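Chemist: build me a structure from this.
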Amino acid sequence: MREHYDFARMKGRRNPYARLLKRCVTIRLDDSTVAYFKELATETGVAYQSLINLYLRDCVVHRRRLEQRWVADDVGRLEDDARFVARIEQVRESIRAGKAVPWDEVKELTEPEETEFRVSDRPAARSPRRRSRK
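Modeler: Now for the predicted structure:
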């Protein structure tokens, strides 16, 4: 390298493609989640936003999917509850036999005739939304 280069006077330039690499989004996270990633950030020396991004990217790369199962508190897994399985089978049999009630009729049966609203039942007035700047 030549000795006469003076990098102190050199003007830096931002990468014009950097904004295309990532997208700025706003998400709402639990306080405990943010605290966990911030704690991990202090241990690793990597910014917590970058850690969250790395975690999500790992999910994308490995095609991980969230699997949720509803579990009854006192019985264990809901699918293992004999009463639940028997009731589901009863419902399936009634549908096969043509005894199912159409959804429109269910809505008609559950809608009240007339509803009288009190002042306390009305929703609170919403403030107008501010327009986003683009």
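Chemist: list the buried residues for the helix or strand that residue 52 is a member of?
Modeler: Secondary structure from DSSP states H and E places residue 52 in helix 48-61. By 16 or more other CB atoms under 10 Å, the buried positions in helix 48-61 come out as 48, 51-52. From N, CA and C alone the C-beta is placed, and that goes for glycine too.
Chemist: mind giving me the packing neighbours of the helix or strand containing residue 33?
Modeler: For residue 33, the host element (DSSP H and E) is helix 31-44. Judged by 3 or more CB pairs under 8 Å, 6 or more residues apart in numbering; DSSP states H and E, the packing partners of helix 31-44 are helix 48-61.
Chemist: and the angle from the helix it packs on to helix 31-44?
Modeler: 100 degrees (axes from the mean of the first three to the mean of the last three CA atoms, to 10 degrees).
Chemist: now do the strands in this structure.
Modeler: 71-72, 76-77 (DSSP state E).
Chemist: lowest mean pLDDT across these, which one is that?
Modeler: Of all the strands of the chain, strand 71-72 carries the lowest average pLDDT, namely a mean of 60.
Chemist: let me see the domain layout of the protein.
Modeler: 15-61, 68-103 (automatic domain parsing).
Chemist: got these as JSON lines, with distance to residue 9 columns?
Modeler: JSON lines is the format used below for these (distance: least, CB to CB, whole Å):
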{"stretch": "domain 15-61", "distance to residue 9": "21"}
{"stretch": "domain 68-103", "distance to residue 9": "59"}
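Chemist: all good on my end, thank you.
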